[in-house]
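Colleague: Sequence plus the predicted model coming up.
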Amino acid sequence: MNPVLLVSILITALCAAGLLVVLYTMMPSKDARRIMEVTRTPAAFEAVVEDRTSLVQQALELVSSVRTRLRLQDNEKLRQRLIAAGRRSKSDMDLYFGLRLLAPLVALVAATFIPSNTNFWMFVLPLVAYLVPDIYLTQMTRRRREEIRLSMPDAIDLMVICVEAGLGLDQALLRAGQELAISHRAISEEFMTINIEQRAGKARLDAWQGMVDRTRLDVVKAFVSMLGQTDRFGTPIVKALSVFSDTMRMKRRQQAEEMAAKTTVKLIFPLVLFIFPSIFIVLLGPAFLTIGRSLNTLFH
């Protein structure tokens, strides 16, 4: 038997045995389960949730200690990427480093179970597992930016309603963030972040510019620029927001029409590569078969 395969089987067996022991020790007894069923209340449920949260927190603290011993300090660029993806807590960075440390090891052990080309898979799978967290973080950032881009017109319309009702710009921003917490979570988080930064003493324009740096969207940059000009020159905020919202909706409609117009060109490739050959086979196939049979009869 291959020594590498034997070692991987032993390691897997030990890990499985340890997991079973941990699960058995954490399993409550029959009396404890009966007591939990009788006395189950929201407080008890919260206690269970807190226990699970504490276990996760302990695991993240272990990852943080390992990262400190390996001298893998906090990366400011990575922190900005996590914030752009909507992950602002320190535990998210520990989770990211933990995945990049453990995923290659798990992939390396899994690669030893592949019977053919084991050395190749032992090199490729850990590399792919190391890159997967980074790719997933990039996809999360893109999805969040797209969500913010699509929710901007609704958020601006709600701000217009709040300002027309008599609220100031900061209060309208806060109210819009509170109302959009369920339907448009990403833009709500950004508005609430701006409000918190302003309460902490950050200047209004600097807080808005921070939203531009986090999202890196042209529509957000134009929105913040419009708010800055309105605040600087004292123009009516309601009219500026209404015009900007109408402009955004017009751009979205134009983009939809542009995408619809491009579908005609995009359909050429599947038509030429897949549909036309099938049509030619159906239409000309019987004719070629008839001609072949006639030529076979003629020469024989």
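Modeller: Looks like it came in fine. Numbering: from 1, shown residues only.
Colleague: residues in contact with Val128?
Modeller: Residues in contact with Val128 (Cβ atoms under 8 Å, 6 or more residues apart in numbering) are Ala107. Placement of C-beta: from N, CA and C, glycine included.
Colleague: Could you do Asp213 as well?
Modeller: Contacts of Asp213 by Cβ under 8 Å, 6+ apart are Gln80.
Colleague: so Met152 makes contact with Phe223?
Modeller: Yes: using Cβ atoms under 8 Å, Met152 is in contact with Phe223, at 6.7 Å.
Colleague: and Leu78, how far is that from Ile148?
Modeller: 21 Å (Cβ to Cβ, to the nearest Å).
Colleague: okay, those two: which has more neighbours?
Modeller: Using other Cβ atoms under 10 Å, the more surrounded residue of Leu78 and Ile148 is Ile148, with 23 against 14.
Colleague: element containing that one, please.
Modeller: Assessed by DSSP states H and E, Ile148 sits inside helix 118-164.
Colleague: what's the following helix or strand after that helix?
Modeller: Next element after helix 118-164 (DSSP H and E): helix 169-179.
Colleague: what's that following helix packed up against?
Modeller: helix 118-164, helix 185-199 (3 or more Cβ pairs under 8 Å, 6 or more residues apart in numbering; DSSP states H and E).
Colleague: and the angle for the first one with helix 185-199?
Modeller: Counting by axes from the mean of the first three to the mean of the last three Cα atoms, to 10 degrees, helix 118-164 points 70 degrees away from the direction of helix 185-199.
Colleague: average model confidence for helix 118-164?
Modeller: Average pLDDT, helix 118-164: 88.
Colleague: circling back to that earlier point, tell me which of the helices and strands packed on helix 169-179 sits most buried.
Modeller: Highest mean neighbour count among the helices and strands packed on helix 169-179 (mean count of other Cβ atoms under 10 Å): helix 185-199, with a mean of 19.
Colleague: Now do that one: which elements does it pack against?
Modeller: Helix 185-199 packs on helix 118-164, helix 169-179, helix 204-215, going by 3+ Cβ pairs under 8 Å, 6+ apart.
Colleague: And the contacts of it?
Modeller: By Cβ under 8 Å, 6+ apart, helix 185-199 touches 86, 144, 147-148, 151-152, 155, 170, 173-174, 176-178, 180-181, 204, 206-208, 210-211, 214-215.
Colleague: which residue packs closest to Arg81, ignoring adjacent ones?
Modeller: Leu137 (6.1 Å; Cβ to Cβ, 6 or more residues apart in numbering).
Colleague: residues touching the one you found, list them.
Modeller: Arg81, Leu82, Ala85, Tyr96.
Colleague: hmm, back to that, Ala111 is nearest to which of the helices and strands packed on helix 169-179?
Modeller: Closest to Ala111 of these, according to Cβ to Cβ: helix 118-164, at 4.1 Å.
Colleague: Please tell me how far the closest one is from the chain's geometric centre.
Modeller: 4 Å (Cα atoms, centre = their mean, to the nearest Å).
Colleague: what angle separates it from helix 169-179?
Modeller: 130 degrees.
Colleague: could you point out where the chain is predicted with low confidence?
Modeller: 1-8, 18-74, 300 (pLDDT under 70).
Colleague: One more pass at 80, please.
Modeller: For the chain, the stretches with pLDDT under 80 are 1-76, 88-95, 98, 101, 115-116, 118, 231, 234-235, 298-300.
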